[in-house]
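Novice: Build me a model from this:
(6 chains)
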Protein chains: 4
Amino acid sequence: MSSTTAAEPRAPKLRADATRNRERIIAAAREVFVEVGADAPLDEIARRAGIGNATLYRNFPNRDALIREVALFVKARILARAETAMAEHPDAFDALQSFVHGAADEQLGALCPVISGRFDHNDPDLAEIRERLVVIVTELMERAQRSGGLRPDVAPGDIFVAISQLTRPLPGTACLDLSGFVHRHLQLFLDGLRAPARSTLPGRALTFEDFQQQH
Amino acid sequence: MSSTTAAEPRAPKLRADATRNRERIIAAAREVFVEVGADAPLDEIARRAGIGNATLYRNFPNRDALIREVALFVKARILARAETAMAEHPDAFDALQSFVHGAADEQLGALCPVISGRFDHNDPDLAEIRERLVVIVTELMERAQRSGGLRPDVAPGDIFVAISQLTRPLPGTACLDLSGFVHRHLQLFLDGLRAPARSTLPGRALTFEDFQQQH
Amino acid sequence: MSSTTAAEPRAPKLRADATRNRERIIAAAREVFVEVGADAPLDEIARRAGIGNATLYRNFPNRDALIREVALFVKARILARAETAMAEHPDAFDALQSFVHGAADEQLGALCPVISGRFDHNDPDLAEIRERLVVIVTELMERAQRSGGLRPDVAPGDIFVAISQLTRPLPGTACLDLSGFVHRHLQLFLDGLRAPARSTLPGRALTFEDFQQQH
Amino acid sequence: MSSTTAAEPRAPKLRADATRNRERIIAAAREVFVEVGADAPLDEIARRAGIGNATLYRNFPNRDALIREVALFVKARILARAETAMAEHPDAFDALQSFVHGAADEQLGALCPVISGRFDHNDPDLAEIRERLVVIVTELMERAQRSGGLRPDVAPGDIFVAISQLTRPLPGTACLDLSGFVHRHLQLFLDGLRAPARSTLPGRALTFEDFQQQH
DNA sequence: TATGAATGAGTGTTCATTCAT
DNA sequence: CATGAATGAACACTCATTCAT
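Specialist: The predicted structure is shown next:
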């Protein structure tokens, strides 16, 4: 996944420190981005990670590089949620519901605006994980549509938009303020997704690409 | 509503410039806040309004005062949408749907995060318009629930959260990027609101006060 | 004294307003300069005088012109104090003491720093009143020296420096904070001025010109 | 006194730059405050110290923090003057005179208005040095009163007011303009302080606390 | 290599002065 | 002629990024 995974056999000791720093930075960055937003002071992230600011810059030459790593990290976790959901729920719509609520717990909504706009659509690492995510969510939805649980006029992009929008915290607020209600409104949206459709939707079904253009 | 509506017949001439500037500032502020967010440079707003920055400060001594006026302006328009919706649609759920889509067109979603947090809950002008909004939306929903169109386990706060979240643009993006799909996802949410309820919702119904605490 | 005293016979009515405005501005300026200092916002002076800011600028094209008028006004009052002191006190040193305490009451100390530095030494009105002040204070001091009350190694500039310095309020403070003690320290200084001299003074006696170079 | 005196032997190298900068900033601040006053542009201080403005802010997060350090620095030097004066002069009034002229040379007069008003009376460092100053000046004066050199109706506050007022430069002027005469007028004041008293003073003797309330 | 410090560009806000009514 | 409004320049302070140790 990461480009520094298996290469040089030398300097293994230094790497112990280095990778621990990387992880601490990414964790701190995720926290701070969720709380403060994409414009969070990088010094604050460094402080929260317990390192000097220049160390942060050594690991991630600019804000976008850091955001990229956070994106990779979070998408990997969301992918894992999808895999778990599919494995654990025999009913396809149940699996979809489980995935939606699980992705919300990964704070996808809080992080989408952070990532948004700064996205390098050609980044191979991101492309790979995105592709895997597309595949599994498409599979999840098609199963649910075939089983008659999910209305037929929706596509993966619709799901991701709903998750990211309905779970976004308000800026300047710690993420949890509305979170007591997040699952409630996701559930209302999921109820709207059930077959049979109760209305004719305007627009067209959103592909994952539509969503990715935004995020 | 506005304090400059019909009152003093004197000194209309001097006011001509001033009020035109005020209006231009508010319009520019709304635009810029929607596009850039609550931290938008005030100089940019001044530039967009075609005035000097100090003129902006003369009219609105600080950012919050400006945001307050934008809030008043937008809430007034949303109130008007609610009144229109109620008047024009004999079916109560239709009226509710019309209101929801109309409020989205007023960019409520874009402006909620702007207003959020900086809200002076004691401001009498804001309190008044908020109160009128509460009354009419409550009425709309209760009618729809009595007529069997709307599920009984939801309250006004749920509606406002949905509107504001599902219509929020991504930061750093002109508002319209997702807007082609906004009504689509609102419609999915509205489908989830229809009676009979297709699930048991977690949490409790949100009152308008719950929503206001956020916005 | 003023250059607008006796001239044009026309427009006497307008002048009534105009001169009342002038006086109110000067009074307000004196107050505000004493309270806030030489950098006081001119808008505050206009506000305190109950006029618009542009009216202030019409009367006094810039800060220095306003300060000049305040200087003239205050010096005229101090001159009057000197004349009164000389007339009322048979003993020359008593007269000097009376003058010193009286000048302090005119807030000379507060206003010297306002005036200082912006002085136009060629201004004929100021020159005239300055000259009259020099003459009378010199007379006061020479009498006191001849009568053996005042030590011989001091000159008018020494007196004025003492008054202005010992009565200066601290910046950012309303003038009166130390004022309970001003006369106390002036009195100590006056005790040091009495003959016979208790020390040999460093430097040379200050003329009024020495003082004027500062103020 | 200073928290960087003798303590940590580690990390002396990095500190070399930093402390040199701190010292240069304090020196420049003292200069500029004396010349321009408490409202001096901090950018000018940074420029004079030969550093970037943000470096100044890194060392002193706001104007008051900088003023505090200047106050500490200057008070320490004045305290040293008092100790020297007491040690070197067998006659108590001579010692007092030496202290007064010495404190004037430290530009106490110029800096009192800078410090004034922004004083945090609870600051422990400032409280400590203030206390030591009170003790030694009280001692100086009581000795001089016991030896019959100093009139009995004065107290430390009277001395400090005289020093600070008589040595204050005019704003907008380099401090030295009047300085040729400062010692002359201080000497006149000191002559007024000698026993026997030549008048009955109005008001009451000023304690150091009276003075501190101002500065 | 990791760090703390330095930097300069950017933003909010104030105020003296000018302009239009 | 008096006024309120408009203006731009100035300053405090923040933050991303670079440098020296």
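Novice: Give me the three-state assignment for A:G203.
Specialist: When classified by DSSP: H, G, I helix; E, B strand; the rest coil, A:G203 comes out as coil.
Novice: Does it touch B:H185 like I think?
Specialist: No - using C-beta atoms under 8 Å, A:G203 is not in contact with B:H185, being 9.0 Å away. To be clear about C-beta, it is placed using only N, CA and C from the backbone, and glycine gets the same treatment.
Novice: Among those two, which residue is more densely surrounded?
Specialist: Set A:G203 next to B:H185 and count neighbours by other C-beta atoms under 10 Å in any protein chain shown: B:H185 wins out with 27 against 15.
Novice: Could you find the closest non-adjacent residue to the more buried one?
Specialist: B:L166 (5.0 Å; C-beta to C-beta, 6 or more residues apart in numbering or on different chains).
Novice: ok now do that neighbour, which residues does it touch?
Specialist: Each residue near B:L166 by C-beta atoms under 8 Å, 6 or more residues apart in numbering or on different chains is listed here: A:A162, A:Q165, A:L166, B:A104, B:G109, B:V182, B:H185, B:L186, B:F189.
Novice: same thing but at 6 Å, please
Specialist: Contact analysis of B:L166 by C-beta atoms under 6 Å, 6 or more residues apart in numbering or on different chains lists A:Q165, B:H185, B:L186.
Novice: pLDDT below threshold where in chain A?
Specialist: A:1-16, A:117-121, A:171-179, A:213-215 (pLDDT under 70).
Novice: rerun at 90
Specialist: A:1-22, A:31-41, A:52, A:58, A:61-65, A:67, A:107-127, A:168-181, A:208-215 (pLDDT under 90).
Novice: any chance you could map the helices in chain A?
Specialist: Remark: helices assigned in chain A by DSSP state H are A:12-36, A:42-49, A:53-59, A:63-88, A:92-105, A:108-115, A:124-146, A:156-166, A:179-193, A:208-214.
Novice: could you dump the fifth one to PDB, C-alpha only?
Specialist: Taking Å, rounded to 0.1, in the frame of the first residue of the first chain, the C-alpha atoms of helix A:92-105 are listed here in PDB:
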ATOM      1  CA  ALA A  92     -27.600  -8.200   1.200                       C
ATOM      2  CA  PHE A  93     -29.500  -5.100   2.200                       C
ATOM      3  CA  ASP A  94     -28.500  -5.800   5.800                       C
ATOM      4  CA  ALA A  95     -24.900  -5.900   4.700                       C
ATOM      5  CA  LEU A  96     -25.300  -2.600   2.900                       C
ATOM      6  CA  GLN A  97     -26.800  -1.100   6.000                       C
ATOM      7  CA  SER A  98     -24.000  -2.400   8.100                       C
ATOM      8  CA  PHE A  99     -21.500  -1.000   5.700                       C
ATOM      9  CA  VAL A 100     -23.100   2.400   5.700                       C
ATOM     10  CA  HIS A 101     -23.200   2.800   9.400                       C
ATOM     11  CA  GLY A 102     -19.700   1.400   9.700                       C
ATOM     12  CA  ALA A 103     -18.200   3.800   7.200                       C
ATOM     13  CA  ALA A 104     -19.900   6.600   9.100                       C
ATOM     14  CA  ASP A 105     -18.000   5.500  12.200                       C
END
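Novice: elements contacting that helix?
Specialist: helix A:63-88, helix A:124-146, helix A:156-166, helix A:179-193 (3 or more C-beta pairs under 6 Å, 6 or more residues apart in numbering or on different chains; DSSP states H and E).
Novice: Residue of chain A closest to chain D, please.
Specialist: Nearest residue of chain A to chain D: A:D43, at 11.3 Å (C-beta to the nearest C-beta).
Novice: Test my guess that that residue contacts A:G52.
Specialist: No - contact between A:D43 and A:G52 fails when scored by C-beta atoms under 6 Å: they sit 9.5 Å apart.
Novice: Pull up the residues of chain A that are close to DNA strand E.
Specialist: Applying C-beta under 7 Å from any atom of the strand, we find that chain A lies next to DNA strand E at A:L14, A:D17, A:A18, A:N21, A:I51, A:G52, A:N53, A:A54, A:T55, A:Y57, A:R58.
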